[in-house]
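Enquirer: Model the structure of this input:
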Amino acid sequence: MSTILVVSGTGTEIGKTVVTAAVAAAARDRRVAVLKPAQTGLAPGEPGDAAEVARLAGSHVTAVELARFPEPLAPATAARRAGLAPVRPFEVAEAAQKLATEHDLVLVEGAGGLLVRFDDEGSTLADAARLLSAPVLVVAPAGLGTLNATALTAEALRNRGLGCRGVVIGSMPAEPDLASRCNIEDLPVAAGAPLLGAVPAGAGALPGADFAAGAVRWLAPELGGSWAPGRR
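Expert: Numbers count the residues shown, from 1 in each chain. Below you'll find the predicted structure:
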């Protein structure tokens, strides 16, 4: 039976794509698809986030992008400014369900945070997750300020009847400061869900083979790895 997992985060540029790639890499013995509903900030022909996941995770990954908008803005704004049709949650759900018929694991990577708008009606990634009845993996920063943003994201999930699969730190410094060290213990409390990994800062710059080999060390057993709190 196929699994669909939605990957969101507490904001933008916090490591969602790298975490998505790590989850895909850790599922190396499964057929994996990564679905990017809305790619913004890239011209046609440039490799997007889904392609980056496939590059890092390996050849067992199928990369799919539903829509692309050239300006680096929220999907609804980028679509409106480009004069293009926005992505709708039902389109995301239909695409994910179709991929699930041919893959063991489907990862749906959002843009920005959970409640970033897909369209001018206010649809979000949370609406797609609800249509899919899929749990959401939350990617969060390591340092100061992450607890509030993580708690708000988790609250938004609960208020919509969505499950939080857990939290993964998207970019753990090699020499974490006091706040980052303390947040290892505090993030699960803020989220009301387990901490399921910490991807090291700069991991996305690794060659694909090295990234894939490292992914199992960065993720907890629930995501196919061997990571545990206190281990880096």
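
Enquirer: Which residue is most remote from the mean position of this structure?
Expert: Gly83 (26.9 Å; C-alpha atoms, centre = their mean).

Enquirer: what's near enough to touch the nearest residue to Leu125 once chain neighbours are set aside?
Expert: Of all residues not flanking Leu125 in the chain, Gly110 sits nearest, at 4.0 Å (C-beta to C-beta, 6 or more residues apart in numbering). To be clear about C-beta, it is placed using only N, CA and C from the backbone, and glycine gets the same treatment. Gly110 makes contact with Val6, Val7, Ser8, Gly9, Lys16, Pro37, Val116, Leu125 under the criterion C-beta atoms under 8 Å, 6 or more residues apart in numbering.

Enquirer: Any buried residues in stretch 83-103, and which?
Expert: Pro86, Val87, Arg88, Pro89, Glu91, Val92, Ala93, Ala95, Ala96, Leu99, Ala100, His103 (16 or more other C-beta atoms under 10 Å).

Enquirer: Please measure how far the first residue of it sits from its last one.
Expert: The straight-line separation of the ends of stretch 83-103 (C-alpha to C-alpha, to the nearest Å) is 33 Å.

Enquirer: Packing partners of whichever strand or helix holds Ala25?
Expert: Following DSSP states H and E, one finds Ala25 within helix 16-26. Packing contacts for helix 16-26, counted by 3 or more C-beta pairs under 8 Å, 6 or more residues apart in numbering; DSSP states H and E, involve strand 3-9, strand 32-40, helix 49-57, strand 105-109, strand 136-140, strand 164-172, strand 195-200, helix 208-218.

Enquirer: Could you give the number of residues near Ala63?
Expert: Number of residues near Ala63 (other C-beta atoms under 10 Å) recorded here: 20.

Enquirer: so it bridges to which residues?
Expert: Note on Ala63: beta-bridge partners by DSSP bridges are Val34.

Enquirer: Find the centremost residue of the chain, please.
Expert: The residue lying closest to the centre of the chain (C-alpha atoms, centre = their mean) is Val7, at 3.0 Å.

Enquirer: And the pLDDT for it?
Expert: As predicted, Val7 sits at a pLDDT of 98.

Enquirer: same deal with Gly45?
Expert: In this model, Gly45 carries a pLDDT of 89.

Enquirer: Just give the number of residues close to it.
Expert: 6.
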